[in-house]
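Novice: below are the sequence and a predicted model for it; my questions follow.
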Amino acid sequence: MQEICQSWLGWNCRQLTADSAVVLRLDGMPPETSFPALPAAGWVEALFCRQGRLRLELSSRRRLEVRSGQVLFLPAWAGECRCRFFPERFQGILILMTEKNLRTALAALCPELADAPPPPHHGSQVVEALLWSKALFHTLEQLPEHLQGDYCSLKMLELLYLLHAGIPYISHSIEARYYDPYQIQVVEKIHNYLMAHLDEHLTIPQLAAQFRISGTTLKSCFRQIYGASLHQYLLGRRMEQAAELLARTGLSVIQVAAAVGYSSTSQFGSAFKARYQMTPGQYRKAAKMSVPAGSCPKPKEKTASNPL
């Protein structure tokens, strides 16, 4: 996962100084594509999630979901897996240590664990650690930067110690519902179709019939893959497209509304203001005045009355 995180454009991936580990502080909007997440041979990874979500698909066809306040434990011996972040801001700490360094440090603290092999259940798993995770990020804010990386290394050791202790409530696999490859492929095709037809009035029954998938499966599988209901996801993409058109073209508000599937400018205006806290006209004026990035209100998801 390290190489992927460091290669994303627009993603703030800052490496913290640490003697016995690689520690990356992550913050940004992740890509919407899946990618291989298996650590290099001999390495172990832990991802402390402060904000956002991700889904892990294992070679055994298990799926794990990681949410805010949880920790993903990902050892190289767990086998192949793929990861997909949900389309929302992600903040977290990724810690990588070699298995050798982990064993050496753990043995220094607990000699009885010096030669203990990783238990069979120590594959990829999710650690439920809301208060623990909050304490980690709170403490990081208090520490000078040159000490933050080593502190994260200590949390990695603590994680492995707790896993070896086998405390039942510490770790568990948060399974996502299984969908076969065909269903996932169909839903991804529907997603691409939606993105190419933002100006059309679309309904779930229509899409389900067109792509030969049940409406129930479409809704639940779409939410699992893209992290939001089909309606909310489509609303977000339409508003983003509308904002782009308002800022970069001379189309009228009526034309922009039609381009993103609204026949009523009043409905469009209400949905746009709910997301950007300003009317389409105000947004266009702000864009023309070259308002610095971050000065305009951030988008805010809100259910609108407009159908798909």
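Specialist: Good, I have the coordinates. Numbers count the residues shown, from 1 in each chain.
Novice: domains of the chain?
Specialist: 2-172, 181-288 (automatic domain parsing).
Novice: can I get those domains in a markdown table with mean pLDDT and mean neighbour count?
Specialist: C-beta here means a position set from N, CA and C on the backbone, and glycine is covered the same way. Shown next, in a markdown table, are those (pLDDT from 0 to 100; neighbours: other Cβ atoms under 10 Å):
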| stretch | mean pLDDT | mean neighbour count |
| --- | --- | --- |
| domain 2-172 | 79 | 17 |
| domain 181-288 | 90 | 17 |
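Novice: how about the strands in the stretch 101-250 of the chain?
Specialist: When secondary structure is read from DSSP state E, counting those that start in this stretch, the stretch 101-250 of the chain shows strands at 125-128, 171-172.
Novice: center of the chain, which residue is that?
Specialist: Closest to where the C-alpha atoms of the chain average out (Cα atoms, centre = their mean) is Phe85, at 3.1 Å.
Novice: ok, for that one, nearest residue in space, not its chain neighbours?
Specialist: Residue nearest to Phe85 in three dimensions, not counting chain neighbours: Pro30, with 3.6 Å by Cβ to Cβ, 6 or more residues apart in numbering.
Novice: give me phi/psi at that neighbour?
Specialist: Per-residue torsions, Pro30: phi -80, psi 160 (degrees, to the nearest 10).
Novice: again, but for Leu16
Specialist: Dihedral angles for Leu16 - degrees, to the nearest 10 - are phi -100, psi 150.
Novice: before we move on, the earlier item: does the residue nearest to the centre of the chain touch Gly52 like I think?
Specialist: Yes. If you go by Cβ atoms under 8 Å, Phe85 and Gly52 touch, sitting 6.7 Å apart.
Novice: which neighbours do these two share?
Specialist: When contacts are counted by Cβ atoms under 8 Å, 6 or more residues apart in numbering, Phe85 and Gly52 are jointly contacted by Pro30.
Novice: wait, what's in contact with the residue nearest to the centre of the chain?
Specialist: Phe85 touches 30-32, 52-54, counting by Cβ under 8 Å, 6+ apart.
Novice: quick one: which of the residues you listed sit in strands?
Specialist: Assigned to strands by DSSP state E, the following of these qualify: Leu54.
Novice: who's in contact with Cys5?
Specialist: 11, 13, 24, 26, 94.
Novice: what's near enough to touch the first one?
Specialist: By Cβ under 8 Å, 6+ apart, the residues touching Trp11 are 5, 26-30.
Novice: for the second one, same thing?
Specialist: Under the criterion of Cβ under 8 Å, 6+ apart, the contact partners of Cys13 comprise 5-6, 24-26, 28.
Novice: Phe137: which of these is nearest?
Specialist: Arg25 (9.9 Å; Cβ to Cβ).
Novice: was I right about that closest one contacting Thr17?
Specialist: No. With contact defined as Cβ under 8 Å, Arg25 does not count as touching Thr17 (11.4 Å).
Novice: list residues touching both of those two?
Specialist: Residues touching both Arg25 and Thr17 by Cβ under 8 Å, 6+ apart: Gln148.
Novice: so of the contacts of Cys13, which ones are in helices?
Specialist: Using DSSP state H, the subset of these located in helices is 5-6.
Novice: what is the nearest of the contacts of Cys13 to Tyr161?
Specialist: Minimum distance to Tyr161 across the contacts of Cys13 is 22.1 Å, recorded for Leu24 (Cβ to Cβ).
Novice: need the contact list for that closest one.
Specialist: With contact set as Cβ under 8 Å, 6+ apart, Leu24 has these partners: 2, 5-6, 13-16, 93-96.
Novice: closest one of those to Gln206?
Specialist: Ranked by distance to Gln206 (Cβ to Cβ), the contacts of Leu24 are led by Cys5 at 38.5 Å.
Novice: separation between the closest one and Leu24?
Specialist: Distance, Cys5 to Leu24, by Cβ to Cβ, to the nearest Å: 6 Å.
Novice: secondary structure element holding Ser266?
Specialist: Using DSSP states H and E, Ser266 sits within helix 265-276.
Novice: which helices and strands does that helix pack with?
Specialist: Other elements packing on helix 265-276 under the criterion 3 or more Cβ pairs under 8 Å, 6 or more residues apart in numbering; DSSP states H and E are helix 230-248, helix 253-259, helix 280-288.
Novice: dump these to CSV, plus distance to Phe137.
Specialist: Output for these, formatted as CSV (distance: least, Cβ to Cβ, whole Å):
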stretch, distance to Phe137
helix 230-248, 27
helix 253-259, 40
helix 280-288, 33
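Novice: among these, which comes closest to Leu218?
Specialist: Between Leu218 and the helices and strands packed on helix 265-276, the shortest separation by Cβ to Cβ is 7.1 Å, and it involves helix 230-248.
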